[in-house]
Structure formats: structure tokens, C-alpha cells
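**Q** what shape does this take:
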Amino acid sequence: MKKLIVPALAAIALAACSQNAQNETAEAGNAIAADTEATTENAVGDVDAATDRALGSAERSLDNAGDAIAAGADRTGDAIANGADRAADATGNTLQRAGAALKD
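**A** I've put the predicted structure just below:
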């Protein structure tokens, strides 16, 4: 019995509402839907902007890392070349001294 009374009361209450009240309720529902849509669009825009900033930052970081690696490789190559030059000079000097010692 209770199951029939509640829907019947709801139907009576709805029927008792004036057309003006029904229109205002519909307008409020439309306003809520429009606000929800605008909020969603703003959220999507914010996420897109944050994603673009994050990707730009990552790209700059990778570029900087590549530059640092290249500079480090250049310094390493220079150090190896300088070490090889010093080793060659030391070997040449040692051979000259050895040759001079054999000459004497």
C-alpha cells in the first residue's frame, strides 16, 4: 500500500505546481546543464594548457641534456687528445735520451 501512496502523492504535488513553477524548474535545469558544460570546457582547456607546458618543459630538458652530453663528449675527446700528445712527447723524449745514452 505504501508503495502506491508515495508515487500518488508525488503525482498530485507535481500536478499542483503551476505552469510558471514548472517553467522555472526547467530553466534552472537548463542553467545547471549550461554551467556544467562551461565548467567541463574550462577544465579541458586547463588540462590542455598544462599538458602543453609539461611537454614544452620536457622538450627543453631533453635539449639541455643533449647539449650537456655533447659538451662533455667534446671535453673528453680533448682530454684524450691532450693525454695522447703528452704521452707521445714523453715517449719521444725518452727515446732521444736513450739514443743519446747509447751514443756516448
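**Q** of all residues in this protein, which one is nearest the centre?
**A** Centroid-nearest residue in the chain: residue 54, 2.9 Å away (criterion: Cα atoms, centre = their mean).
**Q** averaged pLDDT, the helix or strand harbouring that residue. What do you get?
**A** In this structure, residue 54 sits in helix 19-103 according to DSSP states H and E. If you average the pLDDT over helix 19-103, you get 92.
**Q** rewinding a little: so how far is residue 60 from the residue nearest to the centre of the chain?
**A** Separation of residue 54 from residue 60 (Cβ to Cβ, to the nearest Å) stands at 11 Å. C-beta: built from backbone N, CA, C; applies to glycine.
**Q** one more: residue 103?
**A** Residue 103 sits 64 Å away from residue 60 when distances are taken as Cβ to Cβ.
**Q** so for those two, which residue has more residues nearby?
**A** residue 60 (10 against 6; other Cβ atoms under 10 Å).
**Q** can you tell me how far the more buried one is from residue 66?
**A** Where residue 66 is concerned, residue 60 sits at a distance of 11 Å (Cβ to Cβ).
**Q** likewise for residue 57?
**A** For residue 57, the distance to residue 66 - Cβ to Cβ - is 15 Å.
**Q** again, but for residue 78
**A** The value you get for residue 78 to residue 66, if Cβ to Cβ is used, is 19 Å.
**Q** got it, and residue 44?
**A** Using Cβ to Cβ, one obtains 33 Å as the distance from residue 44 to residue 66.
**Q** residue 96 now?
**A** Distance, residue 96 to residue 66, using Cβ to Cβ: 45 Å.
**Q** now swap in residue 103 and tell me
**A** With the distance defined as Cβ to Cβ, residue 103 ends up 55 Å from residue 66.
**Q** could you do residue 37 as well?
**A** 43 Å.
**Q** what do you get for residue 75?
**A** When Cβ to Cβ is applied, the distance between residue 75 and residue 66 equals 15 Å.
**Q** same check on residue 101?
**A** For residue 101, the distance to residue 66 under the criterion Cβ to Cβ works out to 52 Å.
**Q** do the same with residue 81
**A** From residue 81 across to residue 66, the span is 23 Å (Cβ to Cβ).
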